[in-house]
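Engineer: one predicted model, sequence on top.
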Amino acid sequence: MDMTMAAEDLKAVVNRLRRAQGRIAGVIGMIEEGRDCEDVVTQLAAASRALDRAGFAIIATGLQRCLTDEDMAAPADREQMRARLEKLFLSPA
């Protein structure tokens with residue numbers, strides 16, 4: 001499955017990833033400065049949410065495309081997609 005997204009969707013995902021990147025850089029700086037643990041964890045949680053939302057946007061776009069793709073009409077193709085999604089969501093990180 002290729003990474004084809006509408007320009008608007010792609011821009012939103014890239015923005016979320018950049019936001020997460022900035023938060024992670026901030027977390028690293030906070031740790032190096034010896035900042036308060038609660039502040040660090042708050043920023044780390046925000047970075048995690050940004051990554052989760054970017055991942056969800058990518059997955060949702062891919063699913064939408066797969067569900068509307070005529071080539072996915074064959075049962076074998078649907079089963080292969082189900083197996084790939086199961087591996088993605090149920091495999092340990």
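Structural biologist: In hand now; what should we look at? Small disclaimer: the values here were computed from a predicted structure and weren't measured.
Engineer: off-centre distance for the top helix by length along the chain?
Structural biologist: In the chain, assigned by DSSP state H, the helix with the most residues is helix 37-68. Remark: helix 37-68 is offset 4 Å from the chain centroid, using CA atoms, centre = their mean, to the nearest Å.
Engineer: again, but for stretch 76-90
Structural biologist: Offset of stretch 76-90 from its chain centre (CA atoms, centre = their mean): 17 Å.
Engineer: which secondary structure element contains the residue nearest to residue 44 when sequence neighbours are not counted?
Structural biologist: In space, and not counting its chain neighbours, residue 44 is closest to residue 27: 5.2 Å by CB to CB, 6 or more residues apart in numbering. All C-beta atoms are positioned from the backbone trio N, CA, C, and that covers glycine. Using DSSP states H and E, residue 27 sits within helix 7-33.
Engineer: which neighbouring elements make contact with that helix?
Structural biologist: On a contact count with 3 or more CB pairs under 8 Å, 6 or more residues apart in numbering; DSSP states H and E, helix 7-33 meets helix 37-68.
Engineer: does the residue nearest to residue 44 touch residue 45 like I think?
Structural biologist: No: between residue 27 and residue 45 there is no contact under CB atoms under 8 Å: 9.9 Å.
Engineer: looking at these two, which one has more neighbours?
Structural biologist: residue 27 (20 against 12; other CB atoms under 10 Å).
Engineer: what's that one in contact with, if anything?
Structural biologist: For residue 27, the contact set (CB atoms under 8 Å, 6 or more residues apart in numbering) comprises 40, 43, 44, 47.
Engineer: mean confidence score for stretch 28-40?
Structural biologist: Stretch 28-40 shows a mean pLDDT of 97.
Engineer: and if you look at stretch 78-85?
Structural biologist: Mean per-residue pLDDT for stretch 78-85: 76.
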